[in-house]
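Engineer: need a structure here:
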Amino acid sequence: MPLSWIAPERIAPAMTRNAAAARALAYFDEGGFVADLRRRVAVASESQRPEGRPFLFSYLTDEIGPALAALGFSWRIADDSPAGAPPFLIGARIEDPALPTVLVYGHGDVVNGQAELWREGLSPWALTAEGDRLYGRGTADNKGQHTVNLGALAAVLAARNGRLGFNLKAVFESGEECGSPGLREFCAAHAAELAADVLIASDGPRMSAERPTVFLGSRGSFTFDLSLDLRKGSHHSGNWGGALCNPASVLAHAVAGMIGADGRILVAGLRPPAIPEAVRKALGDITLGGGPGDPAIERTWGEPGLSPEERVFAWNTLEVLSFHAGGDPPANAIPGTARARLQLRYVKGCDPATFLPAIRAHLDAGGFSRVALAPARAAGSFAATRLDPENPWVGWTLASIARTTGKRPALLPNLGGSIPNDAFALVLGLPTIWIPHSYPSCAQHAPDEHLLVSVAREALAIMAGLFWDLGEGGTPTRKDAQS
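Structural biologist: Model prediction:
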C-alpha cells in the first residue's frame, strides 16, 4: 500500500489532521482500499479446515508482512509459536522509546467459506461490489477491518512526512475463528516485546451502521455438554413406553431447572455480581437492535428488572445451543441417549473455574445425578474482560472520534460476544480500546458476508484522525491509565 496513494498537491496541505483524513479517504475513493481488500479476500485462509493452513501462512507473509514493511515496521513470523497453534506475526516500528507505544492486533483467518450457500453471482473468495456492499469472506471479519487500520496509518505517515509521533507494535494471529489457540501463551512468552501503553484494535460490529462505536472488552464464553446415556439403541414406544425411562424427558427437566421459562438463570453460581454504576450509566445511551434484518427484541425474556441492553452487555446469559435425542426423522421409539450443549456468556467478575462445580451441585440437588456434565471439547473459551469506562483512554478515544465525525460515539463497556481480549487485558495488562468497522447485519460467519462501503470510508477517516491525535501528545500516561 503506497504511502502516497494520492499526490500531495491534490489533497489538503501536509502536516495537518485534515490532511491525514483526506489521504485516508483518497485511498478509498481512488481504489486503493478495494484493491488491497480484493487480494486479501482471495486468500482462502480458513482456520477451521486443515487444508486452509498453508493459506494462513501465505496471508501473513504475502499480505500483512509487506503492508507492515511499507509502514516502516520490522516484522517476522514467529518461530516459537506454541505447539499446534496457527502462525503468528509480530512486528514493531519504534520512533523514540520515550514516545507512547500502541499495540495493534488483527486476525488473518476466516471461518469456512461455505461457497455453495452464497447467493448466485457471489463467491467467498472474490470481492464483489453491489451498491453500498462489498461482499466476500473476511470483508467484515477481520480482513476489511485491519485493512482500514493499515490504510489509516499509511495516510498519517504520508501527511506527517514519514512520522507517526508514537511507537507502534503489531501482533497478527491466524486462529481466532478456532478460539485463538496459543495466543495467550504467545503473548506471555513475548510480553516484553509486546509491551505497550494501550491496545487499539478493530473487530466485531458497531451498534448500528450509522453510529461509530467503542467497546472495552467482551463477555467470556463457557460451553459445556449435558448427557444421559441409559441404554444402547432405541426401543419401540408402544411396546416399552411406560416401562423405560426416557432420557430426553429427564434431560429436558434438568435443563429447565437451570433456565427459567422467562430465560432467567436459576443456577446461583452462574449469576454475575451487581452491575457497576459506570457500566449502567454507559448503557443508558445504548439501544439494542432496530436495524435492517435485526430480530424483534423480546423485552420480557431474561433477568427481570434489567433492560435488554443490560442483559446483553452487563449480565450473564445461559443458552441452549442444541438438544438431541432419537433420529431424524423421528421414529416411534424411546431413545437410549440424550445430549444437550449449553453456553454461558459471562461478564467480568465471574470466575470460570467455579462454573462446573456449581452446575454439578445444582444438578445433584435437583435429583439429576445421572446426568453427565463435561466442558465442550471443540469449543473455544475466552475470559471476560472490561476496561473501566472511566479509564482516561476511553474519554480520549471518544473525543477523537467525535471530532472527526461530529457524532456522539456509542460506548459499550464490553461486547456481548467473545473475542480474545483477555490475551491483551489480562496477560499483557493493557488498557484495551476496540473500534469496530462492521455492523450487526454484516452476515459474518454466514454466507454473503459483506462490509458496508459507507462504514469503511467513515472508518478510514476515524482511524486516521485517531492515529494523528496519538502523535500530537497529550495522551493518557501509563500512570493515569492504571490508576
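
Engineer: report the distance from stretch 218-234 to the chain centre.
Structural biologist: 25 Å (C-alpha atoms, centre = their mean, to the nearest Å).

Engineer: if you could redo that for stretch 423-432, that was the one I meant.
Structural biologist: 15 Å.

Engineer: make residue 1 into 58 and carry on from there
Structural biologist: All set: I'll call the first residue 58, so the last point we hit is now stretch 480-489.

Engineer: and it, what's buried?
Structural biologist: The neighbour-count criterion (16 or more other C-beta atoms under 10 Å) identifies Ala480, Phe481, Ala482, Leu483, Val484, Leu485, Leu487, Pro488, Thr489 as the buried residues of stretch 480-489. Just so you know, the C-beta spots here come from the backbone N, C-alpha and C atoms, and that holds for glycine as well.

Engineer: neighbouring contacts of that stretch?
Structural biologist: 160, 162, 237, 240-241, 243-245, 248, 251-256, 258, 273-274, 440, 442, 444, 448, 450, 478, 533, 538 (C-beta atoms under 8 Å, 6 or more residues apart in numbering).

Engineer: measure that stretch end to end?
Structural biologist: Its first and final residues considered, stretch 480-489 spans 10 Å by C-alpha to C-alpha, to the nearest Å.

Engineer: extract the CA atoms of stretch 106-122 and return them as CSV.
Structural biologist: Taking C-alpha atoms only, stretch 106-122 is exported to CSV below (Å, rounded to 0.1, in the frame of the first residue of the first chain):
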residue,chain,number,x,y,z
ARG,A,106,-10.2,-26.6,7.8
PRO,A,107,-6.9,-28.4,7.7
GLU,A,108,-6.4,-27.6,4.1
GLY,A,109,-6.5,-23.9,4.9
ARG,A,110,-3.3,-24.0,6.9
PRO,A,111,-0.9,-23.1,4.1
PHE,A,112,-3.1,-20.1,3.3
LEU,A,113,-2.7,-18.9,6.9
PHE,A,114,1.0,-18.6,6.4
SER,A,115,0.7,-17.0,2.9
TYR,A,116,-1.8,-14.4,4.2
LEU,A,117,0.7,-13.3,6.9
THR,A,118,3.8,-13.4,4.7
ASP,A,119,2.4,-12.2,1.4
GLU,A,120,-0.1,-9.6,2.6
ILE,A,121,0.4,-8.4,6.2
GLY,A,122,4.1,-8.5,6.3
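
Engineer: pull the residues that contact it.
Structural biologist: 96-97, 100-104, 132, 134, 143-144, 146, 148, 163, 165-166, 169, 203, 229, 231-232.

Engineer: show me what contacts Gln171?
Structural biologist: Pro181, Ala503, Pro504.

Engineer: buried only: go through the residues you listed for me.
Structural biologist: Judged by 16+ other C-beta under 10 Å, buried ones among the contacts of Gln171: Pro181, Pro504.

Engineer: output the contacts of Gln171 as CSV; include the columns pLDDT, distance to Tyr403 and secondary structure.
Structural biologist: Formatted as CSV, the contacts of Gln171 follow (pLDDT from 0 to 100; distance: C-beta to C-beta, whole Å; DSSP: H, G, I helix; E, B strand; the rest coil):
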residue, pLDDT, distance to Tyr403, secondary structure
Pro181, 98, 32, coil
Ala503, 96, 25, coil
Pro504, 98, 30, coil
